[in-house]
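The sequence and its predicted three-dimensional model are supplied below.
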Amino acid sequence: MQIFPMSRINPVITKRQEQLLDELRKCADELSGQELYRQLQKGDNAMGLTTVYRNLQILVKQGLIRSRHLPTGEVLYTPVERDVHHLTCVNCGETTRLEGCPVKTMNIPKKTGKKFDLLFHTLEFFGLCQDCSEKNYD
Ligand SMILES: [Zn+2]
Ligand SMILES: [Zn+2]
C-alpha cells in the first residue's frame, strides 16, 4: 500500500472552517461539536450548530482534523497534527491521555494493490477506571 499522509498540505478551506480549526488549535483539549458551538457563541464568529457539524465533517475529510467516537455517542475533534490517544472508562466516560503513539512505528504492508490516501488514525483503549471497577466489584 502506498500511503501519502502529506498529500493535502494546503487544502482550500472557507472562513468558517478556518474559524473552527483556529478554535480547535487554541484549545489544549479535544472539543465536541456542541462545545465548539458554545465557544464560538461567546465571540464574533458565532454560527449555527448544523453549520458547525457540517464544516467539521468537511475538515475531517480534508485531513485537517481528526474525530473520535466515545461510547456515549459523543464525537470529539482535534487538529490532525495532535497525535494523542486515550484510555476511556466505558462506565463514566473518564478519559486519560496517553503519552506517545504506538501506531507511528507500525508496519503498514507496502503491496496491497490500491493507493490509500491516509488522513489520520484513531486508537482507543476502553475499560473501567478505578472508581468504577471498585463500585462494580464491591
Ligand atoms: Zn469510570
Ligand atoms: Zn497515534
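Okay, I see it. Ligands and ions are numbered 1, 2, ... in the order given.

Counting neighbours, what do you get for the residue of the chain found nearest ligand 2?
Closest to ligand 2 within the chain is Cys101: 3.2 Å, counting by Cβ to the ion. (Glycine included, C-beta is placed from N, CA and C.) The burial count assigned to Cys101 is 13, neighbours taken as other Cβ atoms under 10 Å.

Around ligand 1, pick out the residues from this structure.
Within the chain, the positions near ligand 1 by Cβ under 5 Å from the ion are 89, 91-92, 94, 129, 132.

quick revisit: what residues does the residue of the chain closest to ligand 2 make contact with?
By Cβ atoms under 8 Å, 6 or more residues apart in numbering, the residues touching Cys101 are 83-85, 123.

Looking at neighbours, which among the residues you listed is most surrounded?
Within the contacts of Cys101, neighbour counts (other Cβ under 10 Å) peak at His85, which reaches 19 neighbours.

isn't that one right up against Phe126?
No. His85 is beyond contact range of Phe126, at 11.7 Å (criterion: Cβ atoms under 8 Å).

Show me the strands in the protein, by range?
31-32, 65-69, 75-79, 85-89, 95-98, 124-127 (DSSP state E).

And Ala46, how far from Asp22?
14 Å (Cβ to Cβ, to the nearest Å).

What's the separation between Leu56 and Ile65?
Distance from Leu56 to Ile65, by Cβ to Cβ: 7 Å.

do the same with Gly93
The gap separating Gly93 from Ile65 is 21 Å, by Cβ to Cβ.

More neighbours: the two, which one.
Higher neighbour count among Gly93 and Ile65: Ile65, with 26 against 13, using other Cβ under 10 Å.
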